[in-house]
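Q: Build the 3D model from these lines:
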Amino acid sequence: MSEQTKTNINTFWDSINQLANSLIFLMIGLEIRNIDFSQRCGMTVLAIISVLIARTIAV
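A: Residues are numbered from 1 along each chain as shown. Down below sits the predicted model:
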């Protein structure tokens with residue numbers, strides 16, 4: 001396989017990757033609008049704190 005072909009294939013798959021990520025985040029954003037967070041405030045705060053602690057430990 002030539003270098004030009006490798007470059008074209010990598011560029012193609014990078015573009016597909018970006019498109020897939022964009023679609024996933026769009027779908028998540030559309031679903032988030034349908035969730036009522038007012039009843040789950042405590043769980044949300046607990047989840048945020050857990051993630052921040054886990055990140056601190058990981059770093």
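Q: What pLDDT is listed against Asp36?
A: What the model reports as pLDDT for Asp36 is 78.
Q: and if you look at Gly29?
A: pLDDT, read off for Gly29, is 90.
Q: Same check on the one 10 residues further on?
A: pLDDT, the model's per-residue confidence, is 82 for Gln39.
Q: Just want the most central residue of the protein.
A: Phe25 (6.1 Å; C-alpha atoms, centre = their mean).
Q: That one sits in which helix or strand?
A: helix 3-32 (DSSP states H and E).
Q: low-confidence ranges in this structure?
A: Applying pLDDT under 70 to the chain picks out no residues at all.
Q: Can you report how many residues lie near Cys41?
A: Cys41: 9 surrounding residues under other C-beta atoms under 10 Å. No exception for glycine: its C-beta is placed from N, CA and C like everyone else's.
Q: Please apply the same query to Val59.
A: Neighbour tally, Val59, other C-beta under 10 Å: 5.
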